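In: can't give you the sequence, but here's the structure:
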């Protein structure tokens, strides 16, 4: 019998098929499906499994139904969790064999979800490419330079990743200052507790920059599971390479659009789609007549690349590139052209002709970074300024987007204001916050062509919001469909707050089932700080004294005495000192296990909403992980700290719903 985080799996054949976090996620999905109609039977599985990764994406409902009927003739047979897992595994194997190992949806990296069961092979080409990336960007790092360069032909990458330092550093390369390096445990030899802290910090920070890590736990990284480590690294590198593909970072992208309506559409596109539009924009200037729609089959003959590079860097044009008939030889000439431009090679000629989607995407993104061939148009700058969100709205949109994506919904969102308009994402999120509350029988799954179907979804969203006692005066489903930003932000804040308060309430041995309100969280924080011997006190979540960060440092120290290194703390007098403290607070909270998405500015500017989420997350972590007196010996000798506290990665609603329904 195998037990993962309280989930019992008695069948030995299932024991090693799932990671701990995969089991929790699947258990949550299973419970949600069962609640919709009171029980789950074989006949329901084909339609309900449309929500699951790989199975839902790569098999039609008819294919799932036919396959399940071949396995189980009795469609009325009730499904328990182990039978659910067995059917899921067999469907995954079937989906994998159908799509093939080179299909873009099943590639081992750059996925919306970091990994999927049974697809545990890795691409050696991708590993070599990412090792080269790491060697290039981290070669001068004071701590890592003694380990670099890594040899791409070995498993050195996975060994060095076991301490967590490399992954934390890579996150900071992708999105600078995400992690305060003072919070990283950096020693010659880390004990298991310190290693776990690094990985907890890494995974919570990865979520905070947009990675999907619902299928990865700290133990997976400590054990160096290759497909999981590579999947996470690939997502981090992708975020770095695509960071400038938006109008705020690269206003020159205005050249791709004609009017304000086109510009709004461009702003709502994911970076990959913007990159394709940019590529096709330049290809229109050439004799190349095809439209590139993907980074796999459409570029594997290297012709599109040859034309693109001739536009971007005509001084290095080689007439032989388009003259040769062999795609492999053409690919080699294309890479020579790119090398002369100063583009690092993210792929080989073989990767190009085989249509590796991840490496081709990395290659094109790097070309864009080096030379995008666009010119800023001054006359359009005013148009840009008028359409870009103000700072506060933009910051809130970011928080809600990252939070929603961290829940592991089937739909990954790139722009809250656009992607929630059909109602489906909001219904999925509501189901994670309060499992079983959504009536899926009347929900309309994307793609939705008829506007009234979107309104139906959003009407249910508003109805459920009222059930949850949200303040929704004069808000109708059509307001969400129309994309009214203020209303969407207001709804999402109430949904996020509801999630936090519900998590706290569910810890019944502390709350005795009573409703938790903001005042309870405030009182808890003040009491913890006072009991630690400090005189610090805040009167509300908008108390201006919060801006120096001292109160939250004392709160973190009170819930975990070893968390804060007071020798690194500033007095918080100047704006620079406040920012340093705020950055440290966020990293320490994530290092403990808090899943938070605020920015340092939210602390220094005392953003009331984000201060509440931070305090509640620390409270939730503490109530789940009471700390006992530690007994530790010399960490340099690798001895483990004895404690009852075990940092967790995900404090999402779906995570807790599993525990509550065991």
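Out: Structure's in. What do you need? What you see is a predicted model, and the numbers here were worked out from it, not measured in a lab.

In: what are the ranges of the helices in the stretch 101-250 of the chain?
Out: 124-138, 156-160, 165-174, 192-209, 218-222, 226-241 (DSSP state H, counting those that start in this stretch).

In: For stretch 540-559, buried residues please.
Out: 541, 546-559 (16 or more other C-beta atoms under 10 Å). Bear in mind the C-beta positions are built from the backbone N, C-alpha and C, glycine included.

In: Contacts only, for residue 374.
Out: 250, 252-253, 255-256, 278 (C-beta atoms under 8 Å, 6 or more residues apart in numbering).

In: Backbone torsions only: list them for it.
Out: Main-chain dihedrals, residue 374, degrees, to the nearest 10: phi -110, psi 150.

In: Need the max-distance pair from the buried residues of stretch 540-559.
Out: 547 and 559 (21.2 Å; C-beta to C-beta).

In: now stretch 199-212: mean pLDDT?
Out: Averaged across stretch 199-212, pLDDT comes to 95.

In: in the stretch 451-600 of the chain, what spans have low per-residue confidence?
Out: 508-513 (pLDDT under 70).

In: Revised request: answer the last question for the chain.
Out: Looking at the chain by pLDDT under 70, you get 1-21, 53-54, 56-57, 95-121, 258-261, 376-393, 508-513, 626-662.

In: what ranges do the strands span in it?
Out: 2-4, 7-9 (DSSP state E).

In: separation between residue 363 and residue 139?
Out: Distance of residue 363 to residue 139, computed by C-beta to C-beta, to the nearest Å: 21 Å.

In: So which residues of the stretch 251-400 of the chain form helices?
Out: Going by DSSP H, counting those that start in this stretch, the stretch 251-400 of the chain shows helices at 260-268, 271-283, 303-312, 320-323, 327-341, 349-353, 357-370, 381-387, 391-406.

In: so which of those gets nearest residue 190?
Out: helix 391-406 (26.3 Å).

In: And the closest one, how far out from the chain middle?
Out: 12 Å (C-alpha atoms, centre = their mean, to the nearest Å).

In: tell me which strands and helices the helix ranked longest in the chain is in contact with?
Out: Longest helix of the chain, by residue count under DSSP state H: helix 485-506. The contact analysis (3 or more C-beta pairs under 8 Å, 6 or more residues apart in numbering; DSSP states H and E) places helix 485-506 against helix 391-406, helix 416-419, helix 424-433, helix 451-467, helix 477-481, helix 508-511, helix 608-624, helix 653-660.

In: Would you mind giving those helices as CSV with distance to residue 325 and mean neighbour count added?
Out: Below are these laid out as CSV (distance: least, C-beta to C-beta, whole Å; neighbours: other C-beta atoms under 10 Å):
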stretch, distance to residue 325, mean neighbour count
helix 391-406, 45, 19
helix 416-419, 44, 20
helix 424-433, 47, 24
helix 451-467, 49, 18
helix 477-481, 52, 19
helix 508-511, 71, 12
helix 608-624, 59, 22
helix 653-660, 53, 20
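
In: Take those and lay them out in TSV including distance to residue 577.
Out: Formatted as TSV, the helices and strands packed on helix 485-506 follow (distance: least, C-beta to C-beta, whole Å):
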stretch	distance to residue 577
helix 391-406	22
helix 416-419	33
helix 424-433	37
helix 451-467	41
helix 477-481	42
helix 508-511	35
helix 608-624	19
helix 653-660	36
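
In: Of the ones you listed, give the one that comes closest to residue 25.
Out: helix 653-660 (6.8 Å).

In: picking up where we left off before, out of the helices and strands packed on helix 485-506, flag the one nearest residue 83.
Out: Comparing these under C-beta to C-beta, the one sitting nearest is helix 653-660, at 17.5 Å.

In: Residue 122 and residue 233 touch, don't they?
Out: No - assessed by C-beta atoms under 8 Å, residue 122 is found out of contact with residue 233, at 10.7 Å.

In: Mind checking the helices and strands packed on helix 485-506 for the one nearest to residue 263?
Out: helix 416-419 (13.0 Å).

In: Which neighbouring elements make contact with the closest one?
Out: Counting contacts by 3+ C-beta pairs under 8 Å, 6+ apart, helix 416-419 packs against helix 260-268, helix 391-406, helix 485-506.

In: And residue 308, how far from residue 129?
Out: Where residue 129 is concerned, residue 308 sits at a distance of 20 Å (C-beta to C-beta).

In: still on that earlier bit, now render the helices of the stretch 101-250 of the chain as a markdown table, adding distance to residue 91 and mean neighbour count.
Out: A markdown table is the format used below for these (distance: least, C-beta to C-beta, whole Å; neighbours: other C-beta under 10 Å):
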| stretch | distance to residue 91 | mean neighbour count |
| --- | --- | --- |
| helix 124-138 | 26 | 20 |
| helix 156-160 | 29 | 17 |
| helix 165-174 | 32 | 22 |
| helix 192-209 | 28 | 24 |
| helix 218-222 | 23 | 21 |
| helix 226-241 | 19 | 23 |
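
In: mind putting these in a markdown table, distance to residue 409 included?
Out: Formatted as a markdown table, the helices of the stretch 101-250 of the chain follow (distance: least, C-beta to C-beta, whole Å):
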| stretch | distance to residue 409 |
| --- | --- |
| helix 124-138 | 26 |
| helix 156-160 | 29 |
| helix 165-174 | 23 |
| helix 192-209 | 13 |
| helix 218-222 | 21 |
| helix 226-241 | 16 |
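
In: now for those, which one comes closest to residue 407?
Out: helix 192-209 (10.1 Å).

In: Next, the angle helix 165-174 makes with the closest one.
Out: 20 degrees (axes from the mean of the first three to the mean of the last three C-alpha atoms, to 10 degrees).

In: by contact count, what packs against helix 192-209?
Out: helix 165-174, helix 218-222, helix 226-241, helix 391-406, helix 575-592.

In: could you check the angle helix 608-624 makes with that helix?
Out: 150 degrees.

In: if we can go back for a sec, of the helices and strands packed on helix 485-506, which approaches residue 178 most closely?
Out: helix 391-406 (11.6 Å).

In: Need the residues that contact the closest one.
Out: 207-210, 212-214, 388-389, 412-417, 425, 429, 485, 489, 492-493, 496, 595, 597-599, 601-602, 607, 609-610, 650, 652.

In: Then stretch 572-592?
Out: So stretch 572-592 is contacted by 177, 179-180, 182-183, 197-198, 200-201, 204-205, 208, 547-550, 552-553, 556, 559-560, 563-564, 568-571, 596, 598-604, 614, 617-618, 621, 647 (C-beta under 8 Å, 6+ apart).

In: residues touching the closest residue to residue 459 other than its chain neighbours, list them.
Out: Counting by C-beta to C-beta, 6 or more residues apart in numbering, residue 477 is the residue found nearest to residue 459 once chain neighbours are left out, at 3.6 Å. By C-beta under 8 Å, 6+ apart, residue 477 lies in contact with 423, 455-462.

In: Can you tell me which of these lies closest to residue 66?
Out: Taking the contacts of residue 477 together and measuring to residue 66 by C-beta to C-beta, the closest member is residue 457, at 28.8 Å.

In: Can you name the residues that contact that closest one?
Out: 422-424, 426-427, 443-444, 448, 477.

In: With residue 169 instead?
Out: 138, 141, 143-144, 181, 184.

In: Please check those residues and keep the buried ones.
Out: Here, 16+ other C-beta under 10 Å leaves 138, 141, 144, 181, 184 buried among the contacts of residue 169.

In: mind checking how far the nearest residue to the second one once chain neighbours are set aside is from residue 147?
Out: If I follow you right, that is residue 141. Using C-beta to C-beta, 6+ apart and skipping the chain neighbours, the partner closest in space to residue 141 is residue 169 (5.9 Å). From residue 169 across to residue 147, the span is 11 Å (C-beta to C-beta).
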